[in-house]
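>>> Sharing a sequence plus its predicted fold:
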Amino acid sequence: MSASQDAALEARAINVIRGLSMDGPHAARSGHQGTAMALAPLAHVLWTRVLTYDAGDPEWSDRDRFILSAGHASILLYSMLHLTGHGLTLDDLRRFRQWGSATPGHPEVGDTAGIEVTTGPLGQGLANSVGMAIAERNLRARFGAEVCDHHTFVVCGDGDLAEGLSHESASLAGHLGLGRLVAVYDDNHVTIDGPTELALSDDAPARFSAYGWHVIDLGEAAEDLDAMEAALRAAMADETRPSLIVLRSHIATPSPDIDSPAAHGYSLTDDGIAETKRRMGLPDDESFHVPDEVLSMYRSAGARGAAAREAWQQRFDSWDGDRAGWEACWARSGRDGWADALPSWEPGQRVATRKAGNACLTALLDEVPGLIGGGADLTGNTGTTIKEHGVQGADCPEGRQLFFGVREHAMGAICNGMALHGGLIPLGGTFLVFSDYMRGAVRLAAISGAKTLFVWTHDSVGVGEDGPTHQPVEHAAALRAIPGLRVFRPADANETAGAWRAAIEGDGPTAFLLTRQDVPVLVGTNDHTAVARGAYVLVDADGPADVVLVGTGSEVSVALDAAATLTAGGTAVRVVSMPSMDVFGAQGAAYRASVLPPGVPVVSVEAGVTFGWGAWADVSVGIDRFGASAPGSVVMEQLGITPAAVAEAARGLLGRKEGSA
């Protein structure tokens with residue numbers, strides 16, 4: 001085939017992508033057509049000339065990663081996955097945005113082969129790409145380029161860069177010198193409200209240059225295949241800096257709605273689609289048109305990476321590196337017998353659970369080699385210090401200690417990227433009250449099933465003197481409301497170890513809510529199996545219980561003291577520790593009934609809002625207001641988190657008062 005014939009086929013193929021990008025949303029009567037149409041040439045260059053992947057093995061660990069941060073343009077990604085042979089059919093494209101389809105409105109990892117992360121909320125995908133680049137570099141440094149040697153690509157738009165998350169993540173990426181991270185900025189000057197100039201006048205190239213990125217401003221090159229390929233390869237060649245390619249595109253090219261804000265969404269219907277197809281030389285009376293020669297070209301491109309994968313497999317088979325460590329990393333688990341390394345504590349000691357958490361992390365670093373992370377300028381405060389394993393950076397790419405700086409939201413999203421890359425179990429720490437700043441990333445971790453560990457400390461008004469701005473009261477309840485997020489608030493050091501074991505053995509994200517203040521190590525909390533079930537009987541009555549006291553975190557000891565008072569007065573009391581409401585709620589009915597017997601009244605105690613406790617308790621002792629600035633013990637006392645208050649609540653529930661004891 002001559003060069004001119006090649007060029008003609010490529011032009012026809014790009015128009016086919018544009019046709020699919022109109023037809024999918026039109027079939028759904030919703031979606032986003034214009035961005036996908038404008039970026040069709042870029043997608044063509046990526047999937048046929050640049051990306052290393054094997055459509056026949058989409059999970060190959062050494063593939064290049066591609067993230068569509070502008071996830072509203074999902075029809076573009078689905079079109080490429082269909083054309084290159086990832087398993088999506090034309091019928092899947094016809095069922096775009098429908099119930100149970102493999103082509104949801106925004107890309108969702110796990111639903112469709114070839115989707116690396118769940119995107120849609122703007123800025124998240126860009127931050128995820130930073131995490132993926134960290135993961136690739138870290139694994140390459142630790143295990144060798146023979147088994148890990150690839151690039152990360154991300155396409156972002158004006159909306160991604162307008163979100164503050166883009167600043168946090170891009171700043172850290174530049175600081176870390178993340179070569180092999182290539183971002184393409186689709187500078188189309190269009191937002192939903194109208195031209196970007198309504199609200200945005202940033203100089204994006206200057207901004208990213210200031211972050212320390214390699215910036216390539218291509219200008220009006222969105223239709224120039226060779227110029228885009230050259231820019232992508234120049235970016236790939238930079239091993240010392242992340243790269244931003246600025247591409248001035250025109251939304252909805254070449255439709256009648258070109259450059260129209262309406263084209264950001266679903267603007268092209270029957271007449272507009274027919275006119276656009278005529279302009280492109282496609283049949284105007286046929287939807288989802290893919291001629292054989294175009295499909296053949298793309299399927300060849302999708303299969304081309306098989307040779308690279310097979311060469312990788314040969315290298316891997318003869319590799320004499322740390323195979324057990326590699327396999328533990330990719331299994332997102334530990335070496336054989338890893339759980340035996342977890343520490344334990346004797347009853348009577350007083351240990352803040354944040355310190356216990358760091359002891360667990362330290363003990364597991366050699367046994368769970370995928371662990372990596374740190375804190376958002378609160379590394380020591382949150383127990384996320386990783387010693388003797390290097391500080392992640394350009395001069396120590398193998399380092400497992402990450403200093404995220406004051407970038408909570410980016411920390412969460414970057415950790416998700418590391419988790420979804422595979423090979424690492426990332427953790428990020430800050431104060432629980434600042435989980436608000438991270439919530440977008442936490443929600444996406446849960447939707448994605450990313451095995452991200454969120455370490456949130458200073459978990460109650462026990463923080464003390466910093467006052468209500470730093471004292472979380474509603475945060476545990478807010479996090480428990482997120483489906484798919486395991487939330488552990490351990491009673492003491494031993495329950496903290498049990499929560500760590502549950503997190504490593506489980507899938508998906510886990511949150512640890514840990515104390516600043518020292519709390520007593522209790523008798524009976526060192527049963528990891530019980531902790532992993534979310535709640536268990538810590539102390540039981542001699543016979544049938546009159547009342548059950550349920551506590552979490554530092555308030556379990558409060559419940560125990562209240563039980564002693566009630567027992568002395570003749571009340572039969574069971575004390576239940578409930579480190580995880582959501583995990584307990586997922587247990588079978590029989591187990592739940594064995595812990596909280598039907599018909600027996602329940603009093604809960606937790607130093608936070610009582611919202612959510614109605615599922616388990618008849619009466620709740622909590623804090624349905626903001627805190628106050630004073631020593632933590634004083635705040636607890638003044639706000640009623642005391643054994644006396646719990647005992648009084650139980651008496652009121654039982655309708656009687658025991659003796660003065």
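Cool, the structure landed.
>>> Could you point out the longest helix of the protein?
Counting residues, the longest helix found in the chain (DSSP state H) is helix 3-28.
>>> Please state the offset of that helix from the chain centre?
Here helix 3-28 is found 33 Å from its chain centre; the criterion is C-alpha atoms, centre = their mean, to the nearest Å.
>>> again with stretch 503-523
Relative to its parent chain, stretch 503-523 has a centroid offset of 19 Å by C-alpha atoms, centre = their mean.
>>> got the buried residues for the longest helix of the chain?
Buried residues in helix 3-28, counted by 16 or more other C-beta atoms under 10 Å: 9-28. Glycine gets a C-beta too; all of them are placed from N, C-alpha and C.
>>> go on, stretch 230-248?
Of the residues in stretch 230-248, those buried (16+ other C-beta under 10 Å) are 231-232, 235-236, 238, 241-248.
>>> Okay, and which of those map to strands?
Counting by DSSP state E, the buried residues of stretch 230-248 place 243-247 in strands.
>>> Let me know the closest of those to His409.
Nearest to His409 among those, counting by C-beta to C-beta, is Leu244 at 19.9 Å.
>>> And the strands in the stretch 501-650 of the chain?
Taking DSSP state E, counting those that start in this stretch, the strands of the stretch 501-650 of the chain run over residues 510-513, 518-520, 536-539, 547-551, 573-577, 602-605, 619-621.
>>> a markdown table please, covering these and showing mean pLDDT and distance to Phe611.
Conversion of the strands of the stretch 501-650 of the chain to a markdown table gives the following (pLDDT from 0 to 100; distance: least, C-beta to C-beta, whole Å):
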| stretch | mean pLDDT | distance to Phe611 |
| --- | --- | --- |
| strand 510-513 | 98 | 15 |
| strand 518-520 | 97 | 23 |
| strand 536-539 | 98 | 24 |
| strand 547-551 | 98 | 15 |
| strand 573-577 | 98 | 19 |
| strand 602-605 | 98 | 12 |
| strand 619-621 | 98 | 9 |
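>>> helix/strand/coil for His72?
On the three-state scheme (DSSP: H, G, I helix; E, B strand; the rest coil), His72 is labelled helix.
>>> what's around it, how many residues?
Using other C-beta atoms under 10 Å, the number of residues around His72 comes to 23.
>>> Run through the residues that contact the nearest residue to it once chain neighbours are set aside.
Excluding its sequence neighbours, the residue lying closest to His72 (C-beta to C-beta, 6 or more residues apart in numbering) is His32, at 4.3 Å. Residues in contact with His32 (C-beta atoms under 8 Å, 6 or more residues apart in numbering) are 25, 72-75, 264-266.
>>> now for the next helix or strand after the longest helix of the chain, which elements pack on it?
Where DSSP states H and E defines the elements, the next helix or strand beyond helix 3-28 is helix 34-38. When contacts are defined as 3 or more C-beta pairs under 8 Å, 6 or more residues apart in numbering; DSSP states H and E, helix 34-38 packs onto helix 3-28, helix 74-83.
>>> who's in contact with helix 34-38?
17-18, 21-22, 70, 72-73, 75-76, 79, 157, 186, 188, 190, 222, 249-253, 255, 257, 260, 263-265, 267.
>>> 7 Å instead?
By C-beta atoms under 7 Å, 6 or more residues apart in numbering, the list of residues contacting helix 34-38 from outside reads 18, 21-22, 70, 72-73, 75-76, 157, 186, 188, 222, 249-253, 255, 257, 263-264.
>>> Stretch 214-233 too?
10, 38, 41-42, 44-45, 49-50, 182, 205, 208-209, 234-235, 238, 241, 243-250.
>>> The nearest residue to Asp377 once chain neighbours are set aside and Leu378: what is the separation?
Leaving aside its sequence neighbours, Asp377 sits nearest to Val406 (C-beta to C-beta, 6+ apart; 4.6 Å). According to C-beta to C-beta, to the nearest Å, Val406 stands 9 Å off from Leu378.
>>> what about these two, which has more around it?
Each of Val406 and Leu378 has its neighbours counted (other C-beta under 10 Å); Leu378 has more, 20 against 13.
>>> Assess the claim that that one and Val433 are in contact.
No - at 11.2 Å, Leu378 and Val433 do not qualify as touching, with contact defined as C-beta atoms under 7 Å.
>>> okay, and the common contacts of the two?
Joint contacts of Leu378 and Val433 (C-beta under 7 Å, 6+ apart) do not exist.
>>> before we move on, back to that, what would the ones in strands among the buried residues of stretch 230-248 look like in CSV with distance to Asp111 and pLDDT?
Output for these, formatted as CSV (distance: C-beta to C-beta, whole Å; pLDDT from 0 to 100):
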residue, distance to Asp111, pLDDT
Ser243, 30, 98
Leu244, 29, 98
Ile245, 28, 98
Val246, 31, 98
Leu247, 28, 98
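>>> tell me which of the residues you listed is nearest to Gly640?
Leu244 (53.7 Å).
>>> List the single closest residue to that closest one in space, sequence neighbours excluded.
Computed as C-beta to C-beta, 6+ apart, the closest residue to Leu244 that is not its neighbour in sequence is Phe208, at 4.5 Å.
>>> in the protein, which segments are predicted with low confidence?
Within the chain, the segments meeting pLDDT under 70 span 1-5, 656-661.
>>> tell me the domain ranges of it?
When the chain is parsed into structural domains using automatic domain parsing, the resulting residue ranges are 10-309, 338-520, 533-654.
>>> if I read this right, Ala499 contacts Pro490, doesn't it?
Yes - with contact defined as C-beta under 7 Å, Ala499 counts as touching Pro490 (5.1 Å).
>>> what do the two both touch?
Residues within reach of Ala499 and of Pro490 at once, by C-beta under 7 Å, 6+ apart, are Pro579.
>>> and the gap between the residue nearest to Asp377 and Gly373?
Val406 is 16 Å from Gly373, by C-beta to C-beta.
>>> ok so, going back, which one of the contacts of His32 is nearest Trp312?
Among those, Ser74 lies closest to Trp312 (C-beta to C-beta), at 29.0 Å.
>>> Please work out how many residues are found near that closest one.
Neighbours of Ser74 under the rule other C-beta under 10 Å: 29.
>>> Sketch out the strands for the stretch 251-400 of the chain, chain order is fine.
For the stretch 251-400 of the chain, applying DSSP E, counting those that start in this stretch gives strands covering 350-352, 371-375.
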